[in-house]
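Peer 1: here is the input, now give the coordinates:
(one chain, ligands or ions: 2)
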Amino acid sequence: MKEITVLGIESSCDETAVAILCAPASTGARKVPTLLSSVISTQIALHRQHGGVVPELASRNHSVDLPRVIREACRQAGIEPGQADAYAATSGPGLVAALLVGNTTAKALALTTGKPFIAVNHLEGHMLSPFITSDEGIIPHLALVVSGGHTLYIDVQSFGNYRLLGRSLDDAAGEAFDKVGKMLGLPYPGGPEIDKLAAQGDSGAFNLPRALLKDPGMNVSFSGLKTAVLYTLPKLTPSGNPADLPEQTLCDLCASFQQAVIDTLITKALRGLRSTGHQSLALSGGVSCNQALRNQLQATCNLHGIRLILPSPAFTTDNAAMIAFAGLHHALHGHHHPLDCDVDPNLKLTDESNRSKQDKYIGNH
Ligand code: KG4
Ligand code: ZN
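Peer 2: Ligands and ions are numbered 1, 2, ... in the order given. Prediction:
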């Protein structure tokens, strides 16, 4: 069977990543694609010194690091950079100068080889990542994308056929984890740190708000929860300094905050499953690493006879395997992009042009 090899590049934020994927060159083939390599070079240690991502440092480091990461991904895959059949890169959303590095590099490879360039939406990459290792293709499902910048509920009928059901009205789930982590004096990014501390804490210790749960719509909000943690802090230590919190209190606060996020995400997921009739739920994005979220979502799905599709941990936070995988599907559908297309820091995954009408329709304000 004829095969297609896609080289994918991810550079939207603070990970420089390249992956090479090989698959049958036909949409009907149900063979799991072969991931020949997936190399991630993270800049987290660099940005941690600044308490968050510094956009200029991110793009400069992508520029310095990307050639080495491409060479390493090609070495592991046993191909030369010019031997792929298509070159895919994240074109948004993300930091504009960071996106440009990966995008321009993929375009240069496409230009010199005469092979197609494919612009990939980072969110589509995350959303399809649970299917990288599946031999069933992309089945109809409810997608819950929980990343650092987005919280989205999407009705997925098939590849390219997406309908937005709900999203965060303010902070994304990952953003809330990171901001609360910063408030509590934890290193960037806060999500994995809170995950670890919460495992030692009592999730019922603090009564924190779960916004919009009674609202019939599918939107979520986490900024009130974040503010509630901010107001709780001075009540627990006279100095207001998180470093003065007893270890157990810190763990309890992390567990209570995390549980409020999980309760919100799960309640709305069940609502989305009911309203769409989907029997499958796919979780993705950096927050899908969270162990308590995975465990509780699995237990809920078991209870309701829903199939939960989780990405491998390696495909949860930013990686290029998901970009190569989405790029592969675009290539199989004949979607190529011109070399003069631009990156878009605010790229959307679904049509939100009727946002206000839709918000009204799904019951939010
Ligand atoms: O998907 P991702 O790598 O980047 C974006 O596209 O935004 O997600 C990064 C986010 C960060 O906010 C990080 O704190 C969060 O994912 N995260 C976690 C965990 N691991 C990463 N949040 C909660 N628990 C975790 N174990
Ligand atoms: Zn991401």
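Peer 1: correct me, but Y162 touches L152?
Peer 2: No - here Y162 lies out of contact with L152, judged by Cβ atoms under 8 Å, at a distance of 9.5 Å. Quick note: C-beta positions are derived from backbone N, CA and C, even for glycine.
Peer 1: overlap of the contact sets of the two?
Peer 2: By Cβ atoms under 8 Å, 6 or more residues apart in numbering, Y162 and L152 have these common neighbours: M127, A143, L349.
Peer 1: the second one belongs to a helix, doesn't it?
Peer 2: No - note on A143: no helix contains this position according to DSSP: H, G, I helix; E, B strand; the rest coil, which reports strand.
Peer 1: can you pull the pLDDT of it?
Peer 2: pLDDT recorded at A143 is 98.
Peer 1: so which bits of stretch 219-229 are buried?
Peer 2: Judged by neighbour count using 16 or more other Cβ atoms under 10 Å, the buried positions of stretch 219-229 are N219, V220, S221, F222, L225, K226, A228, V229.
Peer 1: distance of the first one relative to V120?
Peer 2: With distances taken as Cβ to Cβ, to the nearest Å, N219 is found 26 Å from V120.
Peer 1: do the fourth one as well
Peer 2: Using Cβ to Cβ, one obtains 27 Å as the distance from F222 to V120.
Peer 1: the second one too?
Peer 2: When Cβ to Cβ is applied, the distance between V220 and V120 equals 26 Å.
Peer 1: which SS state does D171 fall under?
Peer 2: Going by three-state DSSP: D171 is coil.
Peer 1: tell me how many other residues surround it.
Peer 2: Residues lying near D171 (other Cβ atoms under 10 Å) number 21.
Peer 1: please name the nearest non-neighbouring residue to it.
Peer 2: Ranked by Cβ to Cβ, 6 or more residues apart in numbering and with sequence neighbours excluded, the top spatial neighbour of D171 is F222, at 4.6 Å.
Peer 1: contacting residues for the closest residue to ligand 2 within the stretch 201-350 of the chain?
Peer 2: For the stretch 201-350 of the chain, the residue closest to ligand 2 is D318, as judged by Cβ to the ion, at 4.4 Å. Neighbour list for D318: E10, S12, C13, D14, E15, A17, I40, H122, G286 [criterion: Cβ under 8 Å, 6+ apart].
Peer 1: ok, now with 10 Å
Peer 2: By Cβ atoms under 10 Å, 6 or more residues apart in numbering, the residues touching D318 are 10-17, 40, 42, 90, 94, 122, 125-126, 147-148, 285-286.
Peer 1: output the longest helix belonging to the chain.
Peer 2: Among the segments of the chain that qualify as a helix by DSSP state H, the longest is helix 247-276.
Peer 1: what packs against that one?
Peer 2: Applying 3 or more Cβ pairs under 10 Å, 6 or more residues apart in numbering; DSSP states H and E, one finds that helix 247-276 makes contact with strand 141-146, strand 151-158, strand 161-167, helix 173-183, helix 190-198, helix 223-236, strand 280-284, helix 291-304.
Peer 1: direction included, what does whichever strand or helix holds A89 pair up with?
Peer 2: Assigning secondary structure by DSSP states H and E places A89 in strand 86-92. Using DSSP bridges, the strands paired with strand 86-92 are strand 3-10 (parallel), strand 117-121 (parallel).
Peer 1: out of those strands, nearest to I309?
Peer 2: I309 lies closest, by Cβ to Cβ, to one member of those: strand 117-121, at 19.7 Å.
Peer 1: any part of that closest one near ligand 1?
Peer 2: No - judged by Cβ under 6 Å from any ligand atom, strand 117-121 makes no contact with ligand 1; its nearest approach is 11.4 Å.
Peer 1: quick check: what element follows that strand along the chain?
Peer 2: Next helix or strand after strand 117-121 toward the C-terminus (DSSP H and E): helix 122-128.
Peer 1: C-alpha coordinates for that following helix, PDB please?
Peer 2: Below are the C-alpha coordinates for helix 122-128, written out as PDB (Å, rounded to 0.1, in the frame of the first residue of the first chain):
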ATOM      1  CA  HIS A 122      -2.900  23.900  17.200                       C
ATOM      2  CA  LEU A 123      -6.300  23.300  18.800                       C
ATOM      3  CA  GLU A 124      -7.200  20.700  16.100                       C
ATOM      4  CA  GLY A 125      -3.900  19.100  16.900                       C
ATOM      5  CA  HIS A 126      -4.800  18.800  20.600                       C
ATOM      6  CA  MET A 127      -8.400  17.700  19.800                       C
ATOM      7  CA  LEU A 128      -7.300  14.900  17.500                       C
END
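Peer 1: and that helix, what other elements does it pack with?
Peer 2: strand 3-10, strand 86-92, strand 141-146, strand 151-158, strand 161-167, strand 280-284, helix 321-332.
Peer 1: which positions in that helix come out as buried?
Peer 2: Judged by neighbour count (16+ other Cβ under 10 Å), helix 122-128 contains these buried residues: H122, L123, E124, G125, H126, M127, L128.
Peer 1: if we check ligand 1, which of those residues are in contact?
Peer 2: With Cβ under 6 Å from any ligand atom as the criterion, those include H126 near ligand 1.
Peer 1: and which of the buried residues of helix 122-128 is nearest L169?
Peer 2: Within the buried residues of helix 122-128, the smallest distance to L169 is 17.1 Å, found for L123 (Cβ to Cβ).
Peer 1: do I have it right that the closest one meets V146?
Peer 2: No - counting by Cβ atoms under 10 Å, L123 stays clear of V146, with 11.1 Å between them.
Peer 1: assign D344 to helix, strand or coil.
Peer 2: D344 ends up coil, using three-state DSSP.
Peer 1: is it true that it touches G92?
Peer 2: Yes - applying Cβ under 10 Å, one finds D344 in contact with G92, separated by 3.8 Å.
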